[in-house]
Structures are given as C-alpha cells and as structure tokens.
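Chemist: starting from these lines, generate the structure:
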Amino acid sequence: MSKRTASDIMEKNFVTASPETSVFDLVNMFVKNHITAIPIINEKEELAGIVTDADLLYKKVKPHVPHYVNLLGASIYYNGISEYDKGFKKLMACTAKDMMTKDVIIAAPDAEVEQIAGVMVAEHLKVIPIVKEKHIVGIVTRGNILDELYREYGDD
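Modeler: Here you go, the predicted structure:
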C-alpha cells in the first residue's frame with residue numbers, strides 16, 4: 001500500500017485573508033468558521049503568512065489587560081479602564097499583517113502524512129498549509145491527522 005500524502009487528507013476548502021484584513025474581521029472569521037488558523041494571501045495569491053487564534057489571544061490582548069497593584073488589600077488600577085479600552089480599540093485596528101507569522105512551516109502536496117504529523121507534534125502546530133509553487137492548495141489540520149490515524153488503525 002502506498003503511503004498517504006498531504007493531498008490525500010488536506011482540506012481543499014479553507015478560509016484565507018489578505019494582509020489588510022482587520023483583526024476585528026479576523027476574529028469574526030475564526031468564530032464563524034470554527035477554525036484555528038487563517039492563511040494570509042498576498043495580491044499575487046501567494047502565501048504571505050498565517051494568523052492563529054493563539055496569535056490573537058496571546059500576542060496582543062494579554063498585554064492590554066489592566067495592570068493593577070494590590071495596595072493595603074485594595075486593587076488600585078494604575079492605567080485605568082480607559083487605557084484598557086484604548087488598548088483594545090488599538091488591537092481591533094490592527095491588521096493581519098501586524099499579527100501574522102511570516103515564517104510559516106509549509107508542506108508540499110506529496111509530503112507523507114507521517115512526516116507532516118511529526119512536524120506538527122515537534123513544532124506544536126495546529127495547521128500546516130500545503131503549498132505548490134507558492135500558492136496554497138490546501139491545509140492539513142490536527143483533525144485531518146487524527147482522522148487519518150483512525151482510518152488506518154480503526155479497521156483493525
């Protein structure tokens with residue numbers, strides 16, 4: 001039996017965004033489509049980067065949580081709620097370009113599923129874009145890998 005490849009298991013329908021897409025719109029895309037990563041495509045339709053749900057949560061939102069000091073048992077905000085509000089508004093004004101990871105780990109359509117699974121585990125990735133001549137042709141998610149494992153061993 002020939003080894004299964006990325007093109008055998010990849011999702012061919014996937015959501016992409018442009019570098020100019022606002023964070024507000026990205027959040028909406030994550031929620032509406034129940035996805036964990038969005039490949040960012042430039043005007044030549046080439047892969048330019050990727051934004052994950054973790055990027056939105058950790059990179060930008062966390063530093064904007066109001067800092068407070070505990071003084072004699074009372075919580076004193078020293079940059080206030082209005083600062084938090086401003087921080088959040090600033091975040092929502094960011095674009096995909098500001099948030100995306102530019103060094104994306106990608107695989108070719110003929111990459112073996114086992115190799116992809118190994119890289120995903122080693123690099124803690126949820127998604128690997130499948131790229132042919134700079135153009136994204138699909139994505140492989142952890143779910144695809146799990147389905148494949150089930151397919152392979154579920155029959156035994």
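
Chemist: SS state for residue 8?
Modeler: Assigned with DSSP: H, G, I helix; E, B strand; the rest coil, residue 8 falls in the helix class.

Chemist: ok, now which ones touch the nearest residue to it once chain neighbours are set aside?
Modeler: Of all residues not flanking residue 8 in the chain, residue 113 sits nearest, at 7.2 Å (CB to CB, 6 or more residues apart in numbering). (C-beta placed from N, C-alpha, C; glycine too.) When contacts are counted by CB atoms under 8 Å, 6 or more residues apart in numbering, residue 113 touches 3-6, 8-9, 145, 148.

Chemist: list just the nearest of these to residue 17.
Modeler: residue 6 (21.8 Å; CB to CB).

Chemist: list the residues that contact the closest one.
Modeler: 107-113, 116, 128, 130, 138, 140.

Chemist: now with 10 Å, please.
Modeler: 106-113, 115-116, 128-132, 137-140, 144 (CB atoms under 10 Å, 6 or more residues apart in numbering).

Chemist: mind checking which of the residues you listed are in helices?
Modeler: Residues of those located in helices (DSSP state H): 113, 115-116, 144.

Chemist: just the buried ones out of those residues, please.
Modeler: 113, 116, 144 (16 or more other CB atoms under 10 Å).

Chemist: mind exporting stretch 137-151 as CSV, just the C-alpha atoms?
Modeler: Taking C-alpha atoms only, stretch 137-151 is exported to CSV below (Å, rounded to 0.1, in the frame of the first residue of the first chain):
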residue,chain,number,x,y,z
VAL,A,137,-3.7,24.4,-2.4
GLY,A,138,-5.0,23.1,1.0
ILE,A,139,-4.4,22.9,4.7
VAL,A,140,-3.7,19.9,7.0
THR,A,141,-5.1,20.3,10.5
ARG,A,142,-4.7,18.1,13.6
GLY,A,143,-8.2,16.9,12.9
ASN,A,144,-7.1,15.6,9.5
ILE,A,145,-4.2,13.8,11.1
LEU,A,146,-6.5,12.2,13.7
ASP,A,147,-9.0,11.2,11.1
GLU,A,148,-6.1,9.5,9.2
LEU,A,149,-4.9,7.7,12.2
TYR,A,150,-8.4,6.5,12.9
ARG,A,151,-8.8,5.4,9.3
